[in-house]
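Peer 1: Got a sequence here, can you model it:
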Amino acid sequence: MSIVALIALPIVMTFDRAGVEATIAQANPDSTSDQMEFAWIASLAYTYILHLANVAVFVWLGWKTLLGRRWARVALTLLLVFVICAAMVSATAGSMYLWAVAVGHLTHSAALALLWIPPSVRAFFRTKPAHDSDVRRPASSWGRSRRERRDRPVQRHNRRATHSRA
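Peer 2: Here you go, the predicted model:
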């Protein structure tokens, strides 16, 4: 739902030029038509780049989180907190897109809660290694399992018996 809101807002802004220009005019009442045109294009470019980048990062971190990567869970948490705070700033800019801010805020807050609150999620991240390299073998194993080392007979070499003295 959050991704839908992140994608929908720039599209709605593209088709609602009058609403965007009204919001810009409230902040800058003395803007000329050239400045208004530039501000509209700049706000669209900024919104598209920011929202599409957020979608890409959310999808990637969500995928890594589902794979059990602890670092992705922490990074996704930090990103969600940042986006929630940024949504509050966006809500103060104008009330015309408050629907997108509200939907995004609610879904981001729910995702943040689901990352940490349920006991099953905490158990998942507690038992699953963060990466395959986190499961380390002792240095003496040389790639063999304990059973292979146990079942293999110990071979001892007698150097004196193999070398002859003249």
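
Peer 1: Is residue 68 in a helix, a strand, or coil?
Peer 2: Taking DSSP: H, G, I helix; E, B strand; the rest coil as the rule, one finds residue 68 in the coil state.

Peer 1: what number of residues lie near it?
Peer 2: For residue 68, the neighbour count with other C-beta atoms under 10 Å is 15. C-beta: built from backbone N, CA, C; applies to glycine.

Peer 1: what's the spacing between it and residue 74?
Peer 2: Residue 68 sits 13 Å away from residue 74, going by C-beta to C-beta, to the nearest Å.

Peer 1: hmm, who's touching stretch 24-37?
Peer 2: Residues from elsewhere that reach stretch 24-37 (C-beta atoms under 8 Å, 6 or more residues apart in numbering): 21, 39, 40, 43, 93, 94.

Peer 1: List the buried residues of that stretch.
Peer 2: Neighbour-count burial for stretch 24-37, with 16 or more other C-beta atoms under 10 Å as criterion, is recorded at 24, 36.

Peer 1: Helices along the protein, start to end?
Peer 2: 2-15, 17-27, 33-66, 70-93, 98-116, 119-127, 146-151, 159-162 (DSSP state H).

Peer 1: a markdown table for those, including mean pLDDT?
Peer 2: Below are those laid out as a markdown table (pLDDT from 0 to 100):
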| stretch | mean pLDDT |
| --- | --- |
| helix 2-15 | 85 |
| helix 17-27 | 85 |
| helix 33-66 | 92 |
| helix 70-93 | 89 |
| helix 98-116 | 88 |
| helix 119-127 | 81 |
| helix 146-151 | 59 |
| helix 159-162 | 57 |
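
Peer 1: Appreciated, that's everything.
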